[in-house]
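A.B. asks: Let's see this in three dimensions:
(one chain, ligands or ions: 1)
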Amino acid sequence: MDLDNKSVVIVGASSGLGKALAKLLSKEGTNLFLISRKVALSNIPSAIKIAADVRKAENIKIAFEEIDKHTGSIDLLINCAGIGLLKDLRESTIEEINDVIDTDLKGAIYVAQEVYKRMAEKGSGHIINIVSTSGLRARPMETVYCAAKWGLRGFTESLQVAGEETGVKVTGVYPGGMKSENFWKITPGKDISGFMDQNEVAQKIIDLIKGDYQKEVTIERPKK
Ligand SMILES: NC(=O)c1ccc[n+]([C@@H]2O[C@H](COP(=O)([O-])OP(=O)(O)OC[C@H]3O[C@@H](n4cnc5c(N)ncnc54)[C@H](OP(=O)(O)O)[C@@H]3O)[C@@H](O)[C@H]2O)c1
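C.D. replies: Numbers count the residues shown, from 1 in each chain. Okay, here's the model as predicted:
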(Lines give C-alpha, C1' and ligand atoms only; values in the text may rest on other atoms or scores of the structure.)
Protein backbone atom coordinates (compact mmCIF):
# COMPACT_ATOMS: atom_id res chain seq x y z
CA MET A 1 0.00 0.00 0.00
CA ASP A 2 1.21 3.48 -0.83
CA LEU A 3 0.60 5.26 2.48
CA ASP A 4 0.54 8.85 1.26
CA ASN A 5 -2.78 10.51 2.17
CA LYS A 6 -4.28 7.25 3.43
CA SER A 7 -6.58 7.17 6.47
CA VAL A 8 -5.03 4.95 9.12
CA VAL A 9 -6.52 3.97 12.48
CA ILE A 10 -4.25 2.67 15.25
CA VAL A 11 -5.91 1.25 18.33
CA GLY A 12 -3.57 1.01 21.32
CA ALA A 13 -1.45 3.96 20.26
CA SER A 14 -0.50 5.44 23.63
CA SER A 15 2.51 3.23 24.34
CA GLY A 16 4.72 0.41 23.13
CA LEU A 17 4.27 -0.95 19.63
CA GLY A 18 1.19 1.15 18.76
CA LYS A 19 2.94 4.37 19.76
CA ALA A 20 6.04 3.40 17.75
CA LEU A 21 3.82 2.67 14.72
CA ALA A 22 2.02 6.00 15.11
CA LYS A 23 5.33 7.84 15.10
CA LEU A 24 6.54 6.09 11.94
CA LEU A 25 3.20 6.41 10.15
CA SER A 26 2.99 10.13 10.93
CA LYS A 27 6.09 10.55 8.73
CA GLU A 28 4.46 8.73 5.80
CA GLY A 29 1.86 11.38 4.91
CA THR A 30 -1.04 9.46 6.46
CA ASN A 31 -4.18 10.88 8.08
CA LEU A 32 -3.84 9.28 11.48
CA PHE A 33 -6.63 8.40 13.90
CA LEU A 34 -5.43 7.15 17.26
CA ILE A 35 -7.54 5.36 19.84
CA SER A 36 -6.82 4.21 23.40
CA ARG A 37 -7.81 5.23 26.93
CA LYS A 38 -4.79 7.49 27.56
CA VAL A 39 -4.52 8.49 23.91
CA ALA A 40 -3.02 11.91 24.71
CA LEU A 41 0.22 10.06 25.52
CA SER A 42 0.63 9.13 21.87
CA ASN A 43 2.29 12.48 21.31
CA ILE A 44 1.57 12.97 17.59
CA PRO A 45 0.32 16.57 17.20
CA SER A 46 -1.10 16.05 13.68
CA ALA A 47 -3.20 12.98 14.59
CA ILE A 48 -6.86 12.94 15.59
CA LYS A 49 -6.98 11.33 19.03
CA ILE A 50 -10.05 9.61 20.39
CA ALA A 51 -10.14 8.30 23.95
CA ALA A 52 -11.98 4.98 24.15
CA ASP A 53 -11.88 1.71 26.06
CA VAL A 54 -11.96 -1.32 23.73
CA ARG A 55 -13.70 -3.39 26.42
CA LYS A 56 -16.79 -1.24 25.90
CA ALA A 57 -18.48 -1.90 22.55
CA GLU A 58 -20.51 1.31 22.79
CA ASN A 59 -17.30 3.37 23.28
CA ILE A 60 -15.88 1.82 20.11
CA LYS A 61 -19.03 2.45 18.10
CA ILE A 62 -18.94 6.12 19.13
CA ALA A 63 -15.21 6.38 18.35
CA PHE A 64 -15.79 5.22 14.77
CA GLU A 65 -18.78 7.55 14.34
CA GLU A 66 -16.35 10.33 15.29
CA ILE A 67 -13.85 9.08 12.67
CA ASP A 68 -16.67 9.06 10.07
CA LYS A 69 -16.96 12.82 10.56
CA HIS A 70 -13.38 13.22 9.29
CA THR A 71 -13.06 10.58 6.56
CA GLY A 72 -15.32 8.55 4.32
CA SER A 73 -12.76 5.81 3.94
CA ILE A 74 -10.54 3.96 6.40
CA ASP A 75 -7.71 2.42 4.40
CA LEU A 76 -5.76 0.69 7.16
CA LEU A 77 -6.46 -0.49 10.71
CA ILE A 78 -3.74 -1.55 13.10
CA ASN A 79 -5.58 -3.33 15.88
CA CYS A 80 -2.94 -3.28 18.60
CA ALA A 81 -4.55 -2.71 22.03
CA GLY A 82 -3.70 -5.45 24.46
CA ILE A 83 -2.69 -6.37 27.98
CA GLY A 84 -0.61 -9.28 29.24
CA LEU A 85 -1.05 -11.79 32.07
CA LEU A 86 1.91 -13.92 33.07
CA LYS A 87 0.59 -16.03 35.92
CA ASP A 88 -0.19 -19.55 37.01
CA LEU A 89 -3.91 -20.07 36.32
CA ARG A 90 -4.45 -20.97 39.99
CA GLU A 91 -3.39 -17.46 41.00
CA SER A 92 -5.31 -15.49 38.36
CA THR A 93 -8.29 -13.55 39.66
CA ILE A 94 -11.63 -13.52 37.84
CA GLU A 95 -11.09 -9.81 37.23
CA GLU A 96 -7.73 -10.48 35.54
CA ILE A 97 -9.20 -13.27 33.42
CA ASN A 98 -12.09 -11.05 32.30
CA ASP A 99 -9.79 -8.13 31.63
CA VAL A 100 -7.51 -10.12 29.30
CA ILE A 101 -10.35 -11.75 27.37
CA ASP A 102 -12.33 -8.49 27.21
CA THR A 103 -9.36 -6.46 25.98
CA ASP A 104 -7.27 -8.82 23.84
CA LEU A 105 -10.07 -10.83 22.27
CA LYS A 106 -13.46 -9.14 22.54
CA GLY A 107 -12.02 -5.61 22.27
CA ALA A 108 -10.08 -6.52 19.13
CA ILE A 109 -13.25 -8.02 17.64
CA TYR A 110 -15.37 -4.92 18.44
CA VAL A 111 -12.79 -2.72 16.71
CA ALA A 112 -12.38 -5.00 13.70
CA GLN A 113 -16.16 -5.26 13.27
CA GLU A 114 -16.57 -1.48 13.03
CA VAL A 115 -13.75 -1.21 10.50
CA TYR A 116 -14.68 -4.33 8.51
CA LYS A 117 -18.25 -3.04 7.99
CA ARG A 118 -16.89 0.18 6.52
CA MET A 119 -14.19 -1.46 4.40
CA ALA A 120 -16.52 -4.18 3.06
CA GLU A 121 -18.98 -1.51 1.93
CA LYS A 122 -16.35 0.11 -0.31
CA GLY A 123 -14.72 -3.24 -1.18
CA SER A 124 -11.18 -2.39 -0.05
CA GLY A 125 -8.95 -1.85 2.95
CA HIS A 126 -6.46 -3.68 5.13
CA ILE A 127 -6.91 -4.83 8.73
CA ILE A 128 -3.82 -5.81 10.69
CA ASN A 129 -4.45 -7.63 13.95
CA ILE A 130 -1.50 -7.65 16.33
CA VAL A 131 -1.64 -11.11 17.87
CA SER A 132 1.51 -12.61 19.49
CA THR A 133 3.57 -15.76 19.28
CA SER A 134 1.38 -16.64 22.30
CA GLY A 135 -1.34 -17.06 19.67
CA LEU A 136 0.72 -19.79 18.03
CA ARG A 137 2.27 -21.64 20.97
CA ALA A 138 1.13 -23.13 24.28
CA ARG A 139 2.68 -21.37 27.28
CA PRO A 140 1.89 -22.68 30.77
CA MET A 141 2.32 -19.33 32.52
CA GLU A 142 0.15 -17.55 29.92
CA THR A 143 -2.92 -19.80 29.78
CA VAL A 144 -5.46 -16.96 29.73
CA TYR A 145 -3.38 -14.68 27.47
CA CYS A 146 -2.84 -17.62 25.09
CA ALA A 147 -6.60 -18.31 25.13
CA ALA A 148 -7.28 -14.71 24.10
CA LYS A 149 -4.56 -14.66 21.44
CA TRP A 150 -5.41 -18.11 20.02
CA GLY A 151 -8.97 -16.82 19.81
CA LEU A 152 -7.76 -13.71 18.03
CA ARG A 153 -5.83 -15.90 15.58
CA GLY A 154 -9.00 -17.90 14.82
CA PHE A 155 -10.91 -14.66 14.34
CA THR A 156 -8.19 -13.21 12.11
CA GLU A 157 -7.94 -16.28 9.86
CA SER A 158 -11.72 -16.54 9.55
CA LEU A 159 -12.08 -12.84 8.72
CA GLN A 160 -9.36 -13.33 6.10
CA VAL A 161 -11.57 -15.86 4.35
CA ALA A 162 -14.60 -13.57 4.65
CA GLY A 163 -12.48 -10.73 3.28
CA GLU A 164 -11.81 -12.65 0.08
CA GLU A 165 -15.50 -12.12 -0.76
CA THR A 166 -15.64 -8.48 0.30
CA GLY A 167 -12.26 -7.20 -0.92
CA VAL A 168 -10.85 -6.59 2.56
CA LYS A 169 -7.32 -7.79 3.32
CA VAL A 170 -6.67 -9.16 6.80
CA THR A 171 -3.23 -9.90 8.24
CA GLY A 172 -2.27 -11.50 11.53
CA VAL A 173 1.03 -10.24 12.94
CA TYR A 174 2.68 -12.50 15.52
CA PRO A 175 5.47 -10.71 17.39
CA GLY A 176 7.68 -12.37 19.98
CA GLY A 177 8.64 -10.57 23.20
CA MET A 178 9.07 -6.78 22.99
CA LYS A 179 10.49 -4.33 25.53
CA SER A 180 7.33 -2.18 25.54
CA GLU A 181 7.27 0.26 28.44
CA ASN A 182 3.94 -0.75 29.98
CA PHE A 183 3.26 -4.31 28.93
CA TRP A 184 5.62 -5.98 31.40
CA LYS A 185 4.82 -3.67 34.34
CA ILE A 186 2.40 -6.33 35.56
CA THR A 187 5.31 -8.76 35.93
CA PRO A 188 7.94 -6.96 38.01
CA GLY A 189 11.36 -8.58 37.86
CA LYS A 190 10.81 -10.24 34.46
CA ASP A 191 14.04 -10.05 32.47
CA ILE A 192 13.10 -8.46 29.16
CA SER A 193 16.60 -7.31 28.24
CA GLY A 194 16.83 -9.83 25.37
CA PHE A 195 13.44 -8.87 23.91
CA MET A 196 12.98 -6.94 20.67
CA ASP A 197 12.76 -3.17 20.59
CA GLN A 198 9.20 -2.19 19.63
CA ASN A 199 10.55 0.42 17.18
CA GLU A 200 12.31 -2.36 15.28
CA VAL A 201 9.08 -4.40 15.17
CA ALA A 202 7.11 -1.31 14.10
CA GLN A 203 9.49 -0.77 11.15
CA LYS A 204 8.96 -4.39 10.03
CA ILE A 205 5.20 -3.82 10.13
CA ILE A 206 5.57 -0.67 7.99
CA ASP A 207 7.61 -2.72 5.48
CA LEU A 208 4.84 -5.33 5.51
CA ILE A 209 2.14 -2.70 4.84
CA LYS A 210 4.14 -1.28 1.92
CA GLY A 211 4.89 -4.69 0.43
CA ASP A 212 2.80 -7.43 -1.15
CA TYR A 213 -0.21 -8.70 0.83
CA GLN A 214 0.72 -11.32 3.41
CA LYS A 215 -1.81 -13.14 5.56
CA GLU A 216 0.48 -14.05 8.43
CA VAL A 217 3.77 -12.61 9.62
CA THR A 218 5.80 -13.76 12.61
CA ILE A 219 8.37 -11.27 13.90
CA GLU A 220 10.94 -12.77 16.22
CA ARG A 221 14.52 -12.16 17.21
CA PRO A 222 16.69 -14.46 15.09
CA LYS A 223 17.83 -17.46 17.13
CA LYS A 224 21.56 -17.38 17.89
N1 LIG B 1 5.16 -6.69 24.74
C2 LIG B 1 5.27 -7.90 24.23
O3 LIG B 1 6.21 -8.65 24.57
C4 LIG B 1 4.29 -8.37 23.20
C5 LIG B 1 4.61 -9.51 22.43
C6 LIG B 1 3.71 -9.95 21.45
C7 LIG B 1 2.52 -9.28 21.25
N8 LIG B 1 2.21 -8.19 22.03
C9 LIG B 1 0.95 -7.53 21.74
O10 LIG B 1 1.26 -6.29 21.13
C11 LIG B 1 0.21 -5.35 21.40
C12 LIG B 1 0.83 -4.07 21.94
O13 LIG B 1 1.45 -4.35 23.18
P14 LIG B 1 2.65 -3.49 23.75
O15 LIG B 1 3.73 -4.43 24.06
O16 LIG B 1 2.90 -2.33 22.89
O17 LIG B 1 2.00 -3.06 25.15
P18 LIG B 1 1.76 -1.64 25.83
O19 LIG B 1 2.98 -0.79 25.73
O20 LIG B 1 1.26 -1.97 27.20
O21 LIG B 1 0.62 -0.97 24.95
C22 LIG B 1 -0.69 -1.46 24.97
C23 LIG B 1 -1.62 -0.48 24.29
O24 LIG B 1 -2.95 -1.04 24.39
C25 LIG B 1 -3.82 -0.03 24.89
N26 LIG B 1 -4.90 -0.62 25.67
C27 LIG B 1 -4.82 -1.53 26.68
N28 LIG B 1 -6.02 -1.74 27.20
C29 LIG B 1 -6.90 -0.97 26.50
C30 LIG B 1 -8.29 -0.74 26.58
N31 LIG B 1 -9.05 -1.37 27.48
N32 LIG B 1 -8.84 0.13 25.70
C33 LIG B 1 -8.10 0.78 24.79
N34 LIG B 1 -6.77 0.61 24.67
C35 LIG B 1 -6.18 -0.25 25.53
C36 LIG B 1 -2.94 0.85 25.77
O37 LIG B 1 -3.49 2.15 25.85
P38 LIG B 1 -4.25 2.80 27.10
O39 LIG B 1 -3.65 2.25 28.34
O40 LIG B 1 -4.04 4.25 26.87
O41 LIG B 1 -5.69 2.42 26.93
C42 LIG B 1 -1.64 0.87 24.96
O43 LIG B 1 -1.72 1.89 24.00
C44 LIG B 1 -0.74 -6.05 22.38
O45 LIG B 1 -1.84 -6.55 21.66
C46 LIG B 1 0.10 -7.18 22.94
O47 LIG B 1 -0.71 -8.26 23.36
C48 LIG B 1 3.07 -7.72 22.99
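
A.B. asks: what about residue 171, which SS state?
C.D. replies: strand (DSSP: H, G, I helix; E, B strand; the rest coil).

A.B. asks: Look up how far the ligand lies from the closest residue in space to it that isn't next to it in sequence.
C.D. replies: Nearest non-adjacent residue to residue 171, counting by Cβ to Cβ, 6 or more residues apart in numbering: residue 128, 4.9 Å away. C-beta here means a position set from N, CA and C on the backbone, and glycine is covered the same way. Separation of residue 128 from the ligand (Cβ to the nearest ligand atom, to the nearest Å): 11 Å.

A.B. asks: ok, residue 33 touching residue 44?
C.D. replies: No. With contacts counted by Cβ atoms under 8 Å, residue 33 stays clear of residue 44, the gap being 10.5 Å.

A.B. asks: Flag the shaky bits of this protein, pLDDT-wise.
C.D. replies: Within the chain, the segments meeting pLDDT under 70 span 224.

A.B. asks: What is the burial count for the residue nearest to residue 136 when sequence neighbours are not counted?
C.D. replies: In space, and not counting its chain neighbours, residue 136 is closest to residue 174: 5.7 Å by Cβ to Cβ, 6+ apart. Applying other Cβ atoms under 10 Å, we find 21 residues neighbouring residue 174.

A.B. asks: Distance check, residue 174 against the ligand.
C.D. replies: According to Cβ to the nearest ligand atom, residue 174 and the ligand sit 8 Å apart.

A.B. asks: Please confirm that that residue is located within a helix.
C.D. replies: No. Counting by three-state DSSP, residue 174 is not part of a helix but strand.

A.B. asks: OK, contacts around it?
C.D. replies: 131, 132, 133, 135, 136, 153, 216, 217, 218, 219 (Cβ atoms under 8 Å, 6 or more residues apart in numbering).

A.B. asks: Then residue 83?
C.D. replies: Residue 83 touches 99, 100, 103, 104, 183, 186, counting by Cβ under 8 Å, 6+ apart.
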